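Colleague: Have a look at this fold, sequence not included:
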């Protein structure tokens, strides 16, 4: 009964493709360019039988010369597609008995088949890297399976003489090649290839003797493969080793970032201590000790910008002009702090100096209201907004403004003027508002 290759071998091929599907989808994470195209040439021995079993039409199958070439595309370190072509001769006769001692009394005494062409598309799977912790290996084992077409002309010898089995016609039949091999990397551009392929023919015409069973032939070969392009060969690349190296680098980066974070925390703690020292006001008169020229002022005493008692001026009508509002508005626009800190950046000094001069000249009162976005905890934002308002107050006082006429309050993130869902909105919410009165 004739074996139906269309039903049996495709099942095996499906298993091979499913088994390699996961590895075929693995991305190569390295940014190094790889060689993925290659061509190969080989030569070896063609024999019209299969060592895997089955009946042979002739008792004495001979080994003949064959040669081939292929083009291959490597998709991942494990999976590639290869287009193979093979030519050569297949020979056999009945001059010897079978191994069992039985003599083959077939009417066809011998055959000589010219393999005009044999073309197939094969899936090639690299089984494993010999050393999983080496980024590249020099030895690679592989298996292959595919399908194609073979064209051949058998010449047979019978009692009546030698003749062409099918006249001058080239017989074309489906073939299913299944193979294995070992590849040795000589350089980034050249490999030495040893392989063995068994070709199952969907027909019984290869040897010119039709008995209703499928013929087969095998091709054992050696050859050279030439990788095209530049860089390393993807087929010998080991993603396991690369993943290990990247994980190690990621850990080292994480350790470095943790060290930087700890250093930043220490710096922030020092800055908070420095700020507390700068804002310290022992007598509670609203002037920091560092700026207070009269540090023991009794509680409730009205003091000037230097912390000394101030004679209460006669009540006067406060008139705020548009120019006054412009000076304050400009100071608000130009006010910037270091990220996450209450330190005023130097670019803000000029506009703050004009506000201080205005307060001294017209004896205005000023309310400073600090606000933040919603990044961070409520407690942190409340403290930061208060510190920033106090920092502005301290600077204005240092420029001669009356501390008793400046009120500094922090509202945290509770009074947004824009959405906190966008960077632009959060920028607007991070502010210190100036109110003259």
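Modeller: Nice, thanks for sending it over. Here the structure is a predicted model, which is why all the values come from computation and not from measurement.

Colleague: where do the strands sit along the stretch 201-350 of the chain?
Modeller: 216-227, 232-233 (DSSP state E, counting those that start in this stretch).

Colleague: of all these, which lies closest to residue 414?
Modeller: Of all those, strand 232-233 sits nearest to residue 414, with 58.9 Å by C-beta to C-beta. C-beta here means a position set from N, CA and C on the backbone, and glycine is covered the same way.

Colleague: Any stretches of the stretch 1-150 of the chain with poor pLDDT?
Modeller: 1-32, 53-55, 128-137 (pLDDT under 70).

Colleague: same thing but at 50, please
Modeller: Applying pLDDT under 50 to the stretch 1-150 of the chain picks out residues 1-30.

Colleague: Direction included, what does the lengthiest strand in the chain pair up with?
Modeller: When the chain is parsed with DSSP state E, its longest strand is strand 108-129. Strand 108-129 pairs in its sheet with strand 79-93 (antiparallel), strand 139-158 (antiparallel), by DSSP bridges.

Colleague: Can I get these in JSON lines including distance to residue 46 and mean neighbour count?
Modeller: Shown next, in JSON lines, are these (distance: least, C-beta to C-beta, whole Å; neighbours: other C-beta atoms under 10 Å):
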{"stretch": "strand 79-93", "distance to residue 46": "4", "mean neighbour count": "20"}
{"stretch": "strand 139-158", "distance to residue 46": "11", "mean neighbour count": "19"}
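
Colleague: out of the ones you listed, which comes closest to residue 346?
Modeller: Of all the strands paired with strand 108-129, it is strand 79-93 that lies closest to residue 346, at 60.8 Å by C-beta to C-beta.

Colleague: just the angle between that closest one and strand 216-227, please?
Modeller: 140 degrees (axes from the mean of the first three to the mean of the last three C-alpha atoms, to 10 degrees).

Colleague: buried stuff in the longest strand of the chain?
Modeller: Within strand 108-129, the residues scored as buried using 16 or more other C-beta atoms under 10 Å are 108-113, 115, 118, 120, 122-126, 129.

Colleague: Of all the strands of the stretch 201-350 of the chain, which one is nearest residue 418?
Modeller: Of all the strands of the stretch 201-350 of the chain, strand 232-233 comes closest under C-beta to C-beta, at 52.6 Å.

Colleague: Quick one: list the elements packing against that closest one.
Modeller: strand 34-35 (3 or more C-beta pairs under 8 Å, 6 or more residues apart in numbering; DSSP states H and E).

Colleague: So which bits of the very next helix or strand once past the strand it packs on are buried?
Modeller: Going down the chain from strand 34-35, the next helix or strand is strand 37-47, by DSSP states H and E. Buried residues in strand 37-47, defined by neighbour count with 16+ other C-beta under 10 Å: 38, 40, 42, 44-47.

Colleague: What is the nearest of these to residue 403?
Modeller: Using C-beta to C-beta, the buried residues of strand 37-47 come closest to residue 403 at residue 38, 81.0 Å.

Colleague: isn't the closest one right up against residue 223?
Modeller: No: using C-beta atoms under 8 Å, residue 38 and residue 223 do not qualify as a contacting pair, with a distance of 11.6 Å.

Colleague: ok so, going back, the buried residues of strand 37-47 into TSV, with extra columns for distance to residue 384?
Modeller: Conversion of these to TSV gives the following (distance: C-beta to C-beta, whole Å):
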residue	distance to residue 384
38	62
40	68
42	73
44	78
45	82
46	83
47	84
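
Colleague: Buried residues in stretch 339-358, which are they?
Modeller: For stretch 339-358, burial by neighbour count (16+ other C-beta under 10 Å) applies to 341-344, 348, 351-352, 354-356, 358.

Colleague: Sorry, wrong one. I was asking about stretch 253-270.
Modeller: In stretch 253-270, counting by 16+ other C-beta under 10 Å, buried: nothing.

Colleague: Over to stretch 301-312?
Modeller: 303-305, 307, 310.

Colleague: From these, which land in helices?
Modeller: Here DSSP state H is the test, and the buried residues of stretch 301-312 give no hits in helices at all.
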